[in-house]
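1. A structural model of the following input is requested.
(one chain, ligands or ions: 2)
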Amino acid sequence: MKTLQGLLDGRELKAILFDLDGTLIDSVPDLAAALDASLEQLYYTPAGLVRTRSWVGNGARKLVQRALANALEIPENAVSPSLIDQLLAVFFDHYGEHSCEQTVLYDGVYDALSNWHQQGIRMACVTNKPARFSDPILVHFGLQQFMPVLVGGDTLAVRKPDPAPLLLACEQLGVDVANTVMVGDSVNDVRAARAAGMPVACVSYGYNHGAPVADANPDLLVDNFFDLVRS
Ligand SMILES: O=C(O)COP(=O)(O)O
Ligand SMILES: [Mg+2]
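-> Ligands and ions are numbered 1, 2, ... in the order given. The predicted structure is shown next:
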């Protein structure tokens, strides 16, 4: 079986970058509740959990754009920016108030991060979720003590699949890209890692727009964090 260390061709594993939604936390119940409350407030039909799950992963603006395309039954690129801005503002209010109510850590995440931390592995969170929502979630679940660096979807002008957020995380951790591995749940994480020049492991249980993340050909695919530690 391949290992995280084994992905580095003999170079030492010094850092791991983690995606947030669908990798460390199951956030869709809170995202869907906030999205549906926002849609209803503006007199659109609510979207529900299953649809919301398939829309997460490209940041809050895209989530809202996809919800509007669905509600108005028009293509995503035909949704007007002013409608997106309007729903996004309402969504931010709802999600900001209720981001940690139904959200849970996936099994094994806390202990795995604690273990790697004890081994001296440096860790960062690189998510497309805006930083002001991601930070309180990391604090709520006690993960901030293991991950001193957070690069959110609005930290830079670009987001995953652009490699820049991953490169910034390495810089802030003070670790070379050559000693770093990305762990995510979607094709965006795989593309960003490839473009940054680092190997990528994926969890199979995440979101990935409703498609199996195996299709994106990660270097390692695991079903849970226990396997990621064991591997
Ligand atoms: O789309 C989002 O807001 C979150 O995406 P993530 O999977 O990069 O954490
Ligand atoms: Mg994700």
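2. by contact count, what packs against the longest helix along the chain?
-> Ranked by number of residues, the top helix in the chain under DSSP state H is helix 81-97. Packing partners of helix 81-97 (3 or more CB pairs under 8 Å, 6 or more residues apart in numbering; DSSP states H and E): helix 28-41, helix 60-72, helix 131-140. All C-beta atoms are positioned from the backbone trio N, CA, C, and that covers glycine.
3. count of neighbours near residue 121?
-> Other residues near residue 121 come to 19 when the count uses other CB atoms under 10 Å.
4. typo on my end, it should be residue 30
-> Residue 30: 21 surrounding residues under other CB under 10 Å.
5. so what's it up against?
-> Contact analysis of residue 30 by CB atoms under 8 Å, 6 or more residues apart in numbering lists 95, 98, 99, 100, 101, 102, 103.
6. and if you look at residue 173?
-> Residue 173 neighbours (CB under 8 Å, 6+ apart): 15, 122, 123, 124, 148, 149, 180.
7. List only buried entries from the residues you listed.
-> Neighbour-count burial (16 or more other CB atoms under 10 Å) applied to these gives 15, 122, 123, 124, 149, 180.
8. Check what pLDDT the residue of the chain most remote from its centre gets.
-> Largest separation from the mean C-alpha position in the chain: residue 43, at 29.2 Å (CA atoms, centre = their mean). We have a pLDDT of 96 for residue 43.
9. before we move on, back to that, can I get the buried ones among the contacts of residue 173 in TSV with pLDDT and distance to ligand 1?
-> Below are the buried ones among the contacts of residue 173 laid out as TSV (pLDDT from 0 to 100; distance: CB to the nearest ligand atom, whole Å):
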residue	pLDDT	distance to ligand 1
15	98	18
122	98	19
123	98	15
124	98	13
149	98	15
180	98	17
